[in-house]
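# Need coordinates for the following:
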Amino acid sequence: MSLSRRLLLSFGSAVGLIGTPLLTQLAEAAQTADPADIDSLNVAIALERAGIKAYADAASTGLLSKPVLVLAGRFVADHTAHRDALIGAVRAAGFTPTDAIAPIVAPPLHTERDVLAFANVVEMKAASTYLSVIPDLKNRALAGVAASILGVETTHVALLAEALDTRVYATGFVS
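Okay, the predicted model is just below:
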């Protein structure tokens, strides 16, 4: 299958992150997806939007140093690419992507450390959500995409844990 220009554009920033061949595979997988899988993709879209919003809100506090702002910008780029890839998949399946933003309530943010700790909670929620939906996705190609995104979310968790100087794992397992 070759992606139409219109469909390719619906994948937005994901084109630059994962490239046309992988997006073609994602679009093909989505076209045969079960409606329950599409529901899961829409939940993930709302969660990615929440992550983008959380970082935008955190950046607007003025509490973040330049290196942390740069890192936050990279995380936003990842979340934006995930959102765009998921939106493209839902559209490729012939469904309408959600406009929802998952509710995430920020605690009081008074210091950069508070912001980093909140970001870590957001990333852990994202990682745990992807981990929980992978076994439920009937379409194994979509499960593979969710697993790929899970890897990025856990990288975010690890980088934030390092910035916070907290231990992510004490042995060979994440606690």
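# Can you list the low-confidence ranges for the protein?
Low-confidence segments of the chain (pLDDT under 70): 1-25, 167-175.
# rerun at 80
1-31, 167-175 (pLDDT under 80).
# For it, which segments count as helices?
Applying DSSP state H to the chain gives helices spanning 5-10, 14-31, 35-59, 66-92, 112-133, 140-164.
# tell me which residues in the longest one are buried?
What that stands for is helix 66-92. Neighbour-count burial for helix 66-92 flags 68, 71-72, 75-76, 78-92 (criterion: 16 or more other CB atoms under 10 Å). For glycine as for every other residue, the C-beta is placed from the backbone atoms N, C-alpha and C.
# Which neighbouring elements make contact with that helix?
helix 5-10, helix 14-31, helix 35-59, helix 112-133, helix 140-164 (3 or more CB pairs under 8 Å, 6 or more residues apart in numbering; DSSP states H and E).
# Off-centre distance for that helix?
In this view, helix 66-92 has its centroid 6 Å away from the chain centroid, taken as CA atoms, centre = their mean, to the nearest Å.
# The nearest residue to Leu131 once chain neighbours are set aside: neighbour count?
Residue nearest to Leu131 in three dimensions, not counting chain neighbours: Leu150, with 5.8 Å by CB to CB, 6 or more residues apart in numbering. As a burial measure, Leu150 scores 19 neighbours (other CB atoms under 10 Å).
# same check, this time on the one 5 residues further on
With neighbours defined by other CB under 10 Å, the count for Thr155 comes to 14.
# Would you check how far apart it and Ala127 are?
Distance, Thr155 to Ala127, by CB to CB, to the nearest Å: 9 Å.
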